[in-house]
Structures are given as C-alpha cells and as structure tokens.
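Visitor: How does the following fold in three dimensions:
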Amino acid sequence: MRIHPESGLRIGIVVVAYNAGSTLLATLDRIPEGVRDQLTEIIISDDASHDDTFDFGRSWAGRPDTPRTHVIRHTKNLGYGGNQKAAYQLALDHGIDVVVLLHGDGQYAPESLPQMLAPFTQSDCAAVFGSRMMSKGAAKQGGMPLYKRVGNRLLTRFENWVLDTDLTEFHSGYRAYRADILRKIPFHANSDGFDFDTQIIAQVLHAGGQIVEVPIPTYYGDEICYVNGMKYAKDVVRDVLEYRLAVRGFGDCEWVPTPEDYAFKEGDGSSHALILEMMAGMPPSRVLDLGCSGGLLAERMRAAGHHVVGIDAVEVPGVRERTDVFVTADLEAEIPSAVGDRFDLVVAGDIIEHLSRPAAMLRQIGRLLRPGGQLLLSVPNFGHWYPRTRVLVGSFGYDRRGILDDTHLRFFTRATLRRLVQRSGFDVLEESATGLPLGSSASGGGLLGVVQRVDQVLVRARPTLFGYQHVLRLTPHAEQTVYADELRDPAEERLSYAPSNLADWRAVLAPSAGIEPATYRLEGGSSIR
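Guide: Numbers count the residues shown, from 1 in each chain. Sure, this is the predicted structure:
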C-alpha cells in the first residue's frame, strides 16, 4: 500500500465522471508522476454515463503504470452530489486518510495536485479548496465567461456574509478533505445536485474544520456544462439561509448536524435566566434537576451553593463533573428511587412537553418534594405569535428546537398549562414569561438589541401572545385538613365535630372563639380567613 512519504497519509483521488469518455484518459494522464507514486488508490465513479466513460476507466485501471484504481459504474444517475456521496463513502471504507475530488472532464488541472496536497502535510486543516479567484485576472485569462465571473463573485460575497467566512470562492469543484471531517459530518443527507458543494462547506465549518484555499488555474475548454445557473444560484442562496436558520433552531433540515446536548440558554429573560433569578436568595438547598442534559444549568446552581442531583436519559460527557450526583433514567418511566426524596426544589426546565404523560410526571415530582418544597417549571408557549402564524398561513411544521421542536409531544398555552398543574396537585406561586430567544448577543445593542427591547415590552403587555416560554414557581396543594381543635388552647373544651362547609368554618374560627384572624388552608387547596 502506497503512503505519502512526508505525512504518512493514505491519499486517494475520487474522479467523478459523467459522459466524460472523450476527456477521462487525458485528464488522468495529466496527474503528475510524483503524485502517482504517493497515491494509495484512485476511484473512478461513472454516474451512469451514456457513452464509453466506464470502458475508458477500466482501460486506465488495467495499465501497469497506474496506481491501484477502482472503477465503479452506477446503473442509475445519482446526480453530481449523489455521485460524490457514493465515492466518498467508498474511500472511507477503503481506509483513505485524504480524499481529493477531481472532475473527469479536465476542467480542474491535475497538475495542481501537489499544491492541493501540501497543506495537509503542513497543518491540521480539514479541507483544501482550489480557488480560481485568488489571483487577480486569472479567471478571465482562463476563459471563464463574464456572467460566470460576476455570478461567482456575487454569490461568494453573499455566502461569506451569511456564514461569516472570508473564502475567495465557494464554487470551485477542486477540493480535498480529510477522512476525519467526512466522518464527522452528515454529508449523506446533502443534496444530490450541484449545491452539494455549498452544503458541505457549511458542514465543515459547523464541525469546526479549517478550510485552506490555494490558487489554481482556470480552464474552460470543450467540456459540457450541466449546471442550470439560475437554479444553482437559487439553491445555494436557500442552502446558506437554511443553515443559518437551522443553527438558530428553525426548520428541520437533516443536513445540518443537531447538537447532542441541550445548550444553556444565555441572555437576559431566557427561561434558564428566569429560573436562576427565582432561585436567587434561596439558602443552600437540595435540588433535583430533571432532564439536566450536559449539566450546564446545574453547574450554575452549584456555583450558588446548592446540592444538585441531575437526571437524564443520556449521559452527556462532562455531566458528572457539573452535578453532585447524576442518575441515568428515562423520564417517561418512574423517577428511580436512586435520586432520593424530600428535595427543597425540583427544576423541570423544558421537560414536560417532551413527555406523553406530563401529569403523571408532575404528580411524581410532588411526592419527591419535602413539605413546603417548590417546583420551577418552564414550558414553551404554543400561543406565541410564531406558531399561531405558522398555523394561520397553513405552513405548520416542526423545527430543530424552540416551541415547535420536533421532539415535543405536547403543546401548551398559558391556560392549558395552568389547568394541568392544578389538576396535578400544584398551586401557582409565581408566573413569568420569556421573550424571543435572541441570546446574549442582543444585549450589546444594534438591531437585535432594539428588537429585544420591543419584544420585552410586548411580553409584559400580552404574555399569552408574545411570551415565548412560561416559567412557573409551584408548590403542592396542602392536603391535610385543618381541624379547629388543633388550633385551640389545650385547656379549652375541644370541639366535637369538624365543620362541613365554609360558613361553619368561619363560625368556628371567628375571633369570638379566642383565635386571632388568620388564613387557613383546607383540603384541596381552598383557603378561608
């Protein structure tokens, strides 16, 4: 097996080809001799061509002077993106460390392969892109039509703005990837079309990969262009906007990775901020954090002096360091006895909307609290203007997170939430609502800061419409009936009966009976004075 002598990497070239019978052999023959000697293998992927591309690939593979070559032919056309998916997966299966994408029509110069591979021996970059726009005037000299140069620059500028990058070109098909980054990203979920290349850029960046650009010559010859320019432009604009919305939690596109853990909600007015605010001033307490995820909220509570027991169905790395005790359990089932009981406080932040039987969970929580203990509960507000608008215009669907999170099983408005907690045995001590989840960046001012301030005013004026989440402080109903004889002086004659109605209670507890006016709680949560 050939290995790159300087880096020790197994390098493979993937050649995507469609109706490239007239150019394939010439393109392969242009691979420099020095590079051929360093290649572990070449994969020629014929995307169901109508000409003799496959036969030319086999003739190249059969020559004694060529590197080990695998030639595959799809019986159905997979598309430009689909062809890359199949070829990359085969390269990964073969243990390749660096995969270079080469086009069978010769548009991207094989002579530039040394420059494409050099960054992998000099840094830990995730990908190397050949750019036709790095050298001023090179694209024009190479025959790139004016409309393509203008379109390329405009789209690249827009994509850089949306993705916060500074690449000189997004639309070159000359690329090389480390196998490690390909294993990290869900490239199989990408488009089968030409916008595959835009989506994989966003995925590499999202995974924290570094992209290095190197200048390459521009060549436009007799190759046939299969790209519909207007459709391609529309697709890449949609892709980068879809990515930006996805990382903010909107939409459910599969090609943008979903984080495994539940992030701490930064920013004033978030549900986590309100929970911590409600806990401010509490003495050190025993706290049960339901659905603690990675323990980021628990970490803040521990910093305030509380002893935190965390529970979640999945153990996210680092959660045991952020909690005092961590228990793995599915909250759809009974809360295990291992968590203990008689907690001063239970925190259920964004939990019950994920459960099929939220009332059963609330009743379990009530049994885990000590007398006088409290529950802090946060729930997304389905009455918010965003889901209302989605329903009104007929575009209801799920998002990656937020009110319409695709893992939510139940939806609540303020009224239905109040009914649920009361039926489950709780009284509401305090109620608040959060605004839009704009994050801590909005606090710095600018347009987001203005939006946040306006939203906060609207939340206070109409929480049922503008409140993004409802946050409640709850305590269990008092379940013990207060008997009059328990409140009288022991020396006095005891009453021989317990009153059966509110009027009789008032008579029994009247000041003439020698008892100071006070508020007493009856069974079921009613109170009298």
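Visitor: Now stretch 162-182: buried residues?
Guide: 163, 167-179, 181-182 (16 or more other Cβ atoms under 10 Å). For every residue, glycine as well, the C-beta is placed using N, CA and C.
Visitor: Look up how far Thr198 lies from Asn219.
Guide: Asn isn't right for residue 219; it's Tyr. The spacing between Tyr219 and Thr198, counted by Cβ to Cβ, to the nearest Å, is 22 Å.
Visitor: Those two: which is more packed in?
Guide: Thr198 (26 against 15; other Cβ atoms under 10 Å).
Visitor: now the helix or strand that one falls within: mean pLDDT?
Guide: In the assignment (DSSP states H and E), Thr198 maps to helix 196-206. Helix 196-206 comes out with an average pLDDT of 94.
Visitor: on that earlier part again, which of the buried residues of stretch 162-182 lies closest to Phe56?
Guide: Gly173 (20.2 Å; Cβ to Cβ).
Visitor: mind checking how far that closest one is from Gln107?
Guide: 7 Å.
Visitor: Output the below-cut-off pLDDT ranges for the stretch 351-500 of the chain.
Guide: For the stretch 351-500 of the chain, the stretches flagged by pLDDT under 70 are 439-445, 479-500.
Visitor: Going along the chain, name the helices of it.
Guide: 358-368, 385-392, 414-423, 446-461, 463-466 (DSSP state H, counting those that start in this stretch).
Visitor: Switch the ones you listed over to CSV; also include mean neighbour count.
Guide: Compiled in CSV, the helices of the stretch 351-500 of the chain are given as follows (neighbours: other Cβ atoms under 10 Å):
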stretch, mean neighbour count
helix 358-368, 18
helix 385-392, 14
helix 414-423, 16
helix 446-461, 14
helix 463-466, 18
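Visitor: Need the ones you listed in CSV (columns: distance to Phe343).
Guide: Listed next are the helices of the stretch 351-500 of the chain as CSV, based on distance: least, Cβ to Cβ, whole Å:
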stretch, distance to Phe343
helix 358-368, 6
helix 385-392, 33
helix 414-423, 17
helix 446-461, 30
helix 463-466, 28
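Visitor: mind checking which of the ones you listed is nearest Ile352?
Guide: Of these, the one closest to Ile352 (Cβ to Cβ) turns out to be helix 358-368, at 3.8 Å.
Visitor: Just the C-alpha atoms of the closest one, please, in PDB.
Guide: Taking Å, rounded to 0.1, in the frame of the first residue of the first chain, the C-alpha atoms of helix 358-368 are listed here in PDB:
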ATOM      1  CA  PRO A 358     -46.900  15.100  31.800                       C
ATOM      2  CA  ALA A 359     -49.500  15.000  34.600                       C
ATOM      3  CA  ALA A 360     -48.000  11.700  35.800                       C
ATOM      4  CA  MET A 361     -44.600  13.300  36.000                       C
ATOM      5  CA  LEU A 362     -45.900  16.300  37.900                       C
ATOM      6  CA  ARG A 363     -47.500  14.000  40.500                       C
ATOM      7  CA  GLN A 364     -44.300  12.100  40.900                       C
ATOM      8  CA  ILE A 365     -42.500  15.400  41.500                       C
ATOM      9  CA  GLY A 366     -45.000  16.300  44.100                       C
ATOM     10  CA  ARG A 367     -44.100  13.200  46.000                       C
ATOM     11  CA  LEU A 368     -40.400  13.900  45.900                       C
END
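Visitor: Report all helices and strands that that helix contacts.
Guide: strand 343-349, strand 369-380, helix 414-423 (3 or more Cβ pairs under 8 Å, 6 or more residues apart in numbering; DSSP states H and E).
Visitor: nearest to Asp29, of these?
Guide: strand 369-380 (60.9 Å).
Visitor: now what about that closest one, what contacts it?
Guide: Under the criterion Cβ atoms under 8 Å, 6 or more residues apart in numbering, residues 271, 274-275, 278-279, 342-350, 352-353, 362, 365-366, 402-403, 405, 408, 411-412, 417, 421, 426, 429, 434, 468-476 lie in contact with strand 369-380.
Visitor: Can you name every helix or strand that the helix or strand encompassing Leu274 contacts?
Guide: Assigned by DSSP H and E, Leu274 belongs to helix 271-279. For helix 271-279, the packing partners by 3+ Cβ pairs under 8 Å, 6+ apart come out as helix 296-303, strand 343-349, strand 369-380, strand 426-433, strand 469-476.
Visitor: I am finished for the moment; much appreciated.
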